[in-house]
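K.L.:
sequence and computational prediction follow.
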Amino acid sequence: MKLTILGGGGFRVPLVYDALLGDHAEGRVNQVTLYDPDAGRLTAIARVLADQAEGVPDAPVVAATQDLAEALRGADFVFCAIRVGGLDGRAADERIALDEGVLGQETVGAGGIAYGLRTVPVAWDIARRIAQLAPDAWVINFTNPAGLVTEAMARYLGDRVIGICDSPVGLGRRMTRALGGAPSARVWVDYVGLNHLGWVRGLRIDGRDELPRLLADGEALESFEEGRLFGSEWIRSLGAVPNEYLYYYYFNRETVRAYREAAQTRGAFLRDQQEAFYSRAADPECAAWASWDRTRAEREATYMAESRLAAGAGARDEADLETGGGYERVALSLMRAIARDERATLILNVANRGALSVLDADAVIEVPCLVDANGAHPVSVDPLPGHAAGLVSAVKAVEREVLAAAESGSRSRAVKAFALHPLVDSVSVADRLLTGYLVAHPGLAYLKG
């Protein structure tokens, strides 16, 4: 079985390959093709994977190419993890927003909109190529903003594109650990929302909802990252545990201040860190895997550092650093379930199809799904409370404006996308944001009129 990774020179690719190395069952992925337009990054990651595979007799064979058609032909699964504009683009997204006094995080607020505006046209081109060259392939999208990009690609791929994220599974794992732990097969996480905008409203272990017990135990509630970020009082008032990215909404002023006071933005930090890694990896004498792993550990330790600093939440838990994000395990479970008809329940980004009443059928949402050989099927969920339904509806409306702007090339639709976002407080600010992004990103030159 062939897996093609678009963005094959990306830093997190070795996580996916590590998960594949641990899968020895019949019908496993035995061929991995890396595609990336950056030859240097592609070579570096191929070297890391070669180090990982050393001593593993049935390791999947790795090929690398800069030819997209070659990469796609014969693919059973396509993992999409591209970054349009690179980390330079992310750093610019963050800084331009902060200069206007608004959040510039890569998936939330102004930064996410800018990233989406330059990514959606590229995602459409890729989806068309996949539909032509690998029409039977299943596409697993990890490109951010994940929900928006998944919905964009669905125009050409329908339900054969499924978005994944590591945030919900990480939150469910931490909540379960705070309650004493249980094997994942015994746990049902009642999670609902959009990508990076969701809530856990129930945590059933062996069929019993243990969320009330967690909410009642302040020590347990604040023993994990989200509990420390939001505080037990606010979580109890919601009656649900928010995804960590909701910190940007609930504590926006504190977050913007922390980001503006930081020595550099997250994007700038990752850009500098990865440039150093890829430079080292170009040396044939470099132990590529060891260098990558040291860089990964530093990356994980500093994840959402500004938010944790603003909240006084302290350092990340050792258990989270050891397990990493977990998106690679979600991807592997998804591929197994489809390829082998091994039924699984996973939290995924899929078309609503009536699962969440506040949104239309085609809106991509993030909810538990039953997965089998026919794909991912969202489970119907209870309606959201008013505050959550309003936020989800507002952000989905922004995503739709991004899609409309990308399709029409309309500058005014792009301004509208910025202006409608809950974290952008003025139409004038929205207009200035777009002007700044047009200067920084040549890829946005299609926005006119």
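P.N.:
Done, it's in. The structure displayed is predicted, hence computed values, not measured ones. Numbering: from 1, shown residues only.
K.L.:
wasn't residue 201 part of a strand?
P.N.:
Yes: Residue 201 forms part of a strand when assessed by DSSP: H, G, I helix; E, B strand; the rest coil.
K.L.:
that one and residue 388: what is the separation?
P.N.:
As judged by CB to CB, to the nearest Å, residue 201 and residue 388 stand 9 Å apart. No exception for glycine: its C-beta is placed from N, CA and C like everyone else's.
K.L.:
overlap in contacts of the two?
P.N.:
residue 240 (CB atoms under 8 Å, 6 or more residues apart in numbering).
K.L.:
tell me the mean pLDDT for stretch 390-403?
P.N.:
Computed over stretch 390-403, the mean pLDDT rounds to 98.
K.L.:
try stretch 189-196
P.N.:
On average, stretch 189-196 scores 98.
K.L.:
same thing with stretch 423-443?
P.N.:
97.
K.L.:
contacting residues around that stretch?
P.N.:
84-85, 89, 92-93, 96-97, 99-103, 108-110, 114, 117-118, 121, 248-249, 252, 411, 414-416, 418-419, 444-445, 447.
K.L.:
just the buried members of the residues you listed?
P.N.:
84-85, 89, 92-93, 96-97, 100, 102-103, 108-110, 114, 117-118, 121, 248-249, 252, 411, 414-416, 418-419, 444, 447 (16 or more other CB atoms under 10 Å).
K.L.:
and the residue nearest the centre of the chain?
P.N.:
In the chain, the residue lying closest to the centroid (CA atoms, centre = their mean) is residue 165, at 4.4 Å.
K.L.:
and the one helix or strand residue 198 maps to, which strands flank it?
P.N.:
According to DSSP states H and E, residue 198 maps onto strand 197-205. Applying DSSP bridges to the sheet, strand 197-205 is found paired with strand 187-194 (antiparallel), strand 208-209 (antiparallel), strand 241-242 (antiparallel).
K.L.:
pull the CA atoms of stretch 337-346 into PDB?
P.N.:
Taking Å, rounded to 0.1, in the frame of the first residue of the first chain, the C-alpha atoms of stretch 337-346 are listed here in PDB:
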ATOM      1  CA  ALA A 337      -9.800   1.500   9.600                       C
ATOM      2  CA  ILE A 338     -10.300   2.300   5.900                       C
ATOM      3  CA  ALA A 339      -7.800  -0.100   4.300                       C
ATOM      4  CA  ARG A 340      -8.600  -3.100   6.500                       C
ATOM      5  CA  ASP A 341     -12.200  -2.300   7.400                       C
ATOM      6  CA  GLU A 342     -11.100  -2.300  11.000                       C
ATOM      7  CA  ARG A 343     -13.900  -0.200  12.600                       C
ATOM      8  CA  ALA A 344     -12.700   2.700  14.800                       C
ATOM      9  CA  THR A 345     -14.000   5.800  16.500                       C
ATOM     10  CA  LEU A 346     -11.900   8.900  15.900                       C
END
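K.L.:
who's in contact with that stretch?
P.N.:
With contact meaning CB under 8 Å, 6+ apart, stretch 337-346 is reached by 1, 25-27, 76-77, 138, 164, 169, 188, 330, 333-334, 336, 368-373, 375-376, 379.
K.L.:
may I see the ChimeraX selection of the buried members of the residues you listed?
P.N.:
To isolate the buried members of the contacts of stretch 337-346 in ChimeraX, using 16+ other CB under 10 Å:
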select :76,77,138,164,169,188,330,333,334,336,368,369,371,375,376
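K.L.:
so which of the contacts of stretch 337-346 belong to strands?
P.N.:
The members of those that map onto strands under DSSP state E are 77, 138, 188, 368, 369, 370, 371, 372, 375, 376.
K.L.:
and the furthest pair within the residues you listed?
P.N.:
Based on CB to CB, the longest span within those runs between 77 and 188 and measures 26.2 Å.
K.L.:
returning to what we had before: right, so the strands paired with strand 197-205: which one is the most enclosed?
P.N.:
strand 241-242 (a mean of 26; mean count of other CB atoms under 10 Å).
K.L.:
quick one on the thing from earlier: what about the strand holding residue 198, distance to the chain center?
P.N.:
Remark: strand 197-205 is offset 18 Å from the chain centroid, using CA atoms, centre = their mean, to the nearest Å.
K.L.:
list the buried residues of that strand.
P.N.:
Result for strand 197-205 [16+ other CB under 10 Å]: buried residues 197, 198, 199, 200, 201, 202, 203, 205.
K.L.:
which residues are contacting it?
P.N.:
167-168, 171-172, 175-176, 179, 182, 186-193, 209-211, 214, 238-243, 245-246, 249, 366, 382, 388, 391-392, 395.
K.L.:
helix, strand or coil for residue 296?
P.N.:
Assignment for residue 296 (three-state DSSP): helix.
K.L.:
hang on, the earlier thing: among the buried ones among the contacts of stretch 423-443, name the ones in helices.
P.N.:
If you go by DSSP state H, these have 89, 92-93, 96-97, 110, 114, 117-118, 121, 248-249, 252, 411, 414-416, 418-419 in helices.
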